[in-house]
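*Asks:* Here is my input, please return the structure:
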Amino acid sequence: MEATQNYLQKEKDRFLEELFELLRMPSISADPNYKDQVIATAEMVKERMEEAGLENLALFETTGYPVVYGDKLVDSSLPTILVYGHYDVQPAEPLDLWDSPAFEPEIRDGKIYARGACDDKGQMYMHVKAVEAMIKCDELPCNVKFMIEGEEEVGSGGLSGFVKENHDLLAADIILVSDTSIISKDVPSITVGLRGLAYMEVEVTGPDHDLHSGVYGGAVANPINVLSQMINKLMDDKGKITIDGFYDDVEIVSEADREKINLRPLDIEGYKSRLGIKDVNGEDGYTTIERTSIRPTLDVNGIWGGYIGEGAKTVLPSQAFAKISMRLVPHQSSEKISALFEDYFKKIAPEYVTVKVTAHHGGEPLVVPSDSIGYRAAEAAMEKTFGIKPIPVRSGGSIPIISLFKQELGIDSILMGFGFDTDLIHSPNEHYGLWNFYKGIETIPYFYSYFAEGHSK
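*Replies:* This next block holds a predicted model:
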């Protein structure tokens, strides 16, 4: 890989310029107003993949946004790596909390600030550039396919159908993903577990129109008050979720495995300081690392209703709304948990309001093996570039499509990300370190080399 590494060093400034062009595209899949920009981003990714030397380029239509596909098939006798990533991003709001415009990338303190810098344009683009270098230097040691989607941030609905209909096209030996993080520059890690997700929206309705809070307050139920009380009933004072049957299928992690999980270094005082909190909080009996990896959670992601404009308006609103997500652990089913949530939420609703519950996207939890050829290749690649062996960790986040890959394609995924948990993904001032971007591009070619070597033994 000497020629490849030399090429990467020579072209690194160009790589960054190209990434900036990609980051300027507001590819917000959750907002239909950005449809044209999302599609234009897909077309840009396709163009960049073609320039990198990939072949059989195509934008595959789906029920949602297109999937960008490309490959380089050097020899049918060699193993095949399928690279997955996404070109869509989260909404940038609240815009006033950004120190620089979300879609005008800027470098400060060695970090790229922009929406999508880490999640996932910066990490996805590392793979395009790493493969470009191997192709241009004639050092690509195995076959490669790219599958880059535009709906990861809204549940991967379109990609799900595409995968089910294209088993032969997507046939591979391993799926390589960079949409996760490492612990630090000095402590590299490989993600071996993801939590699942069940995402709900609830609507509480009282009167059929807004009322004067002076005339009717005290006689008619206020949907915002009622919704707040109902949300409060979803968890007890020990951090346990109270939904009937919620914990029935939760994986029981052994004490020995819990000890291993807690070997991951965590400076709790630094953690609190960095987040601006006085103390951590969560389910009794578990550490912060356990709460964010092996235990399920429930969080209100948004709540609204009534008047929130300037000044005062004494209104008793007709309706109140909330969005609620639940992170799931192995053996829990997003479909089952969604149904349990709906039953319980309706059960605790007082008779003087009506309730509507809508299940949005979900995904299944996943644990990947740490003794496979793919994991060993990732481990060796990171040890090569970091100078220290990475440790396996379970992530608190979710990538819903990963479990579907295993189910439909029968392929394990290697979650070899290069971001930090402090990169503020999904938040204002999202950023991605230049060091991380270049370290990823440097490391990925070694994964290909070690993976091909492992298959030849």
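*Asks:* and the gap between Asp138 and Lys336?
*Replies:* In this view, Asp138 and Lys336 are 51 Å apart by C-beta to C-beta, to the nearest Å. C-beta: built from backbone N, CA, C; applies to glycine.
*Asks:* The closest residue to Val280 other than its chain neighbours: how many residues sit nearby?
*Replies:* Among residues not flanking Val280 along the chain, Thr288 sits closest, at 5.2 Å (C-beta to C-beta, 6 or more residues apart in numbering). By other C-beta atoms under 10 Å, the residues close to Thr288 number 15.
*Asks:* how far is the strand or helix carrying Ile135 from where the chain is centred?
*Replies:* Here Ile135, judged by DSSP states H and E, is contained in helix 121-136. Relative to its chain's centre, helix 121-136 lies at 20 Å (C-alpha atoms, centre = their mean, to the nearest Å).
*Asks:* Which elements pack onto the helix or strand following that helix?
*Replies:* Counting by DSSP H and E, the next helix or strand C-terminal to helix 121-136 is strand 143-149. Contact partners of strand 143-149 among helices and strands, from 3 or more C-beta pairs under 8 Å, 6 or more residues apart in numbering; DSSP states H and E: helix 35-51, strand 67-72, strand 80-86, helix 121-136, helix 157-165.
*Asks:* again, only using 6 Å
*Replies:* Using 3 or more C-beta pairs under 6 Å, 6 or more residues apart in numbering; DSSP states H and E, the elements in contact with strand 143-149 are strand 67-72, strand 80-86.
*Asks:* Starting from the longest one, tell me which strands it pairs with and how they run.
*Replies:* For strand 80-86, the paired strands and their directions (DSSP bridges) are strand 143-149 (parallel), strand 174-177 (parallel).
*Asks:* average pLDDT for the helix holding Ile135?
*Replies:* Helix 121-136 shows a mean pLDDT of 98.
*Asks:* from now on call the first residue 8
*Replies:* In the new count, where the first residue is 8, that last one comes out as helix 128-143.
*Asks:* and it, which residues are buried?
*Replies:* 128-142 (16 or more other C-beta atoms under 10 Å).
*Asks:* List the neighbours of it that are in contact with it.
*Replies:* With contact meaning C-beta atoms under 6 Å, 6 or more residues apart in numbering, helix 128-143 is reached by 11, 14-15, 22, 26, 29-30, 55-56, 59-60, 90, 92, 147, 151, 185, 439, 444, 447-448, 451-452.
*Asks:* Next, the contact list for Asp180, please.
*Replies:* Asp180 is in contact with 86-87, counting by C-beta under 6 Å, 6+ apart.
*Asks:* run the last query once more with 8 Å
*Replies:* Asp180 is in contact with 86-88, 381, 418, 458, 462, counting by C-beta atoms under 8 Å, 6 or more residues apart in numbering.
*Asks:* Kindly report the same for Leu104.
*Replies:* Counting by C-beta under 8 Å, 6+ apart, Leu104 has contacts 435-436.
*Asks:* try Pro33
*Replies:* Taking C-beta under 8 Å, 6+ apart, we find Pro33 in contact with 41, 44, 96, 99, 109-110, 122.
*Asks:* Which one of those residues sits in the busiest neighbourhood?
*Replies:* In terms of neighbour count, Val96 stands highest of the contacts of Pro33 at 31 neighbours, by other C-beta under 10 Å.
*Asks:* Can you pull the domain assignment for the chain?
*Replies:* Following the assignment in automatic domain parsing, the chain carries domains at 9-201+372-463, 203-257+303-370.
*Asks:* Compare neighbour counts for Asp145 and Lys343 and give me the winner.
*Replies:* Between Asp145 and Lys343, Lys343 has the larger neighbour count (other C-beta under 10 Å), namely 15 against 9.
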